[in-house]
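> sequence and predicted model, in that order:
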Amino acid sequence: MNTNMVNEILPIKTYSEVLEDNTSPPPHIIGNGILLEKSLLMIVGQKKSFKSFLAFNMMTALSAGKSFSSFEIEQPYS
C-alpha cells in the first residue's frame, strides 16, 4: 500500500492543521460523542471480560434505536 493511498484512507495532519481545522464534528450515534457517525470504536479488555456481550447489546440498541445503558440513541441504524 503506497503512502498516497494510506493518506486518502486516514488523512495525516500536522498539529497546526488540527488546531486550524474549523469543520464541525460528525453527528453522534451514541450519547454525546461516545460513537460518531462514520467512526470506529474499539472495545478492549482482558479475556472473558464480557466484551462480546457489550458489543452485542450495543449493536442491538443501535439497530432498534433504543437507549444503550444510560446513552441515548436518537434513531435506528443499520
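Sure, I can see it.
> looking at this protein, which helix is longest?
Ranked by residue count and defined by DSSP state H, the top helix of the chain is helix 51-64.
> of all the residues in that one, which ones are buried?
Of the residues in helix 51-64, Met58, Ala61, Leu62 count as buried by neighbour count, 16 or more other C-beta atoms under 10 Å. Glycine gets a C-beta too; all of them are placed from N, C-alpha and C.
> where do the strands of this protein begin and end?
28-30, 35-36 (DSSP state E).
> and of these, who's closest to Tyr15?
Comparison of those against Tyr15 by C-beta to C-beta identifies strand 35-36 as nearest, at 21.1 Å.
> quick one: strands adjacent to the closest one?
strand 28-30 (antiparallel) (DSSP bridges).
> show me the contact partners of the strand it pairs with.
Here strand 28-30 makes contact (C-beta atoms under 8 Å, 6 or more residues apart in numbering) with Ile34, Leu35, Leu36, Glu37, Met58, Leu62, Phe68, Phe71, Glu72, Ile73, Glu74, Tyr77.
> reformat those as JSON lines; add distance to Thr14.
Shown next, in JSON lines, are the contacts of strand 28-30 (distance: C-beta to C-beta, whole Å):
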{"residue": "Ile34", "distance to Thr14": "28"}
{"residue": "Leu35", "distance to Thr14": "27"}
{"residue": "Leu36", "distance to Thr14": "22"}
{"residue": "Glu37", "distance to Thr14": "25"}
{"residue": "Met58", "distance to Thr14": "34"}
{"residue": "Leu62", "distance to Thr14": "34"}
{"residue": "Phe68", "distance to Thr14": "36"}
{"residue": "Phe71", "distance to Thr14": "33"}
{"residue": "Glu72", "distance to Thr14": "35"}
{"residue": "Ile73", "distance to Thr14": "35"}
{"residue": "Glu74", "distance to Thr14": "34"}
{"residue": "Tyr77", "distance to Thr14": "33"}
